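Participant: can't give you the sequence, but here's the structure:
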């Protein structure tokens, strides 16, 4: 995750975040547990952009979106 520009939180080494101050303060928070990710973003556009970048590194199976 660090290779993708994310910062590890101080409270949990399995939680990462990225905040873009350039465009509308986009943000992504990712919690990882073994082979599962929970992704929290400001929009579906930000989420899809991240998932597209991540697919270059690992194979993804997206189960569903939590509203």
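Facilitator: Right, received. Where do you want to start? Remember, it's a predicted structure, so these values are computed and weren't measured experimentally.
Participant: any low-confidence regions in the chain?
Facilitator: Residues of the chain that meet the criterion pLDDT under 70 lie in 21-25, 64-67.
Participant: That one: helices as residue ranges?
Facilitator: Per DSSP state H, the chain carries helices over the ranges 44-54.
Participant: So for it, the centremost residue is which one?
Facilitator: Closest residue to the average C-alpha location of the chain: residue 30 at 4.4 Å, with Cα atoms, centre = their mean.
Participant: That one against residue 38, yeah?
Facilitator: Yes - the criterion here is Cβ atoms under 8 Å, and residue 30 meets it with residue 38 at 7.1 Å. All C-beta spots, glycine's among them, are computed from the backbone N, C-alpha and C.
Participant: I'd guessed residue 60 sits against residue 50; true?
Facilitator: No - Residue 60 lies out of contact with residue 50 (Cβ under 8 Å); the separation is 10.6 Å.
Participant: quick one: which of these two has more around it?
Facilitator: residue 50 (18 against 10; other Cβ atoms under 10 Å).
Participant: The more buried one and residue 58, how far apart?
Facilitator: Using Cβ to Cβ, to the nearest Å, residue 50 is found at 12 Å from residue 58.
Participant: Double-check residue 28 against residue 5; I have them as touching.
Facilitator: No - in this structure, residue 28 is not within contact of residue 5 by Cβ under 8 Å, at 9.7 Å.
Participant: intersection of neighbour lists for these two?
Facilitator: Here residue 28 and residue 5 have residue 18 as joint contacts, going by Cβ atoms under 8 Å, 6 or more residues apart in numbering.
Participant: Those two: which has the busier surroundings?
Facilitator: Higher neighbour count among residue 28 and residue 5: residue 28, with 21 against 11, using other Cβ under 10 Å.
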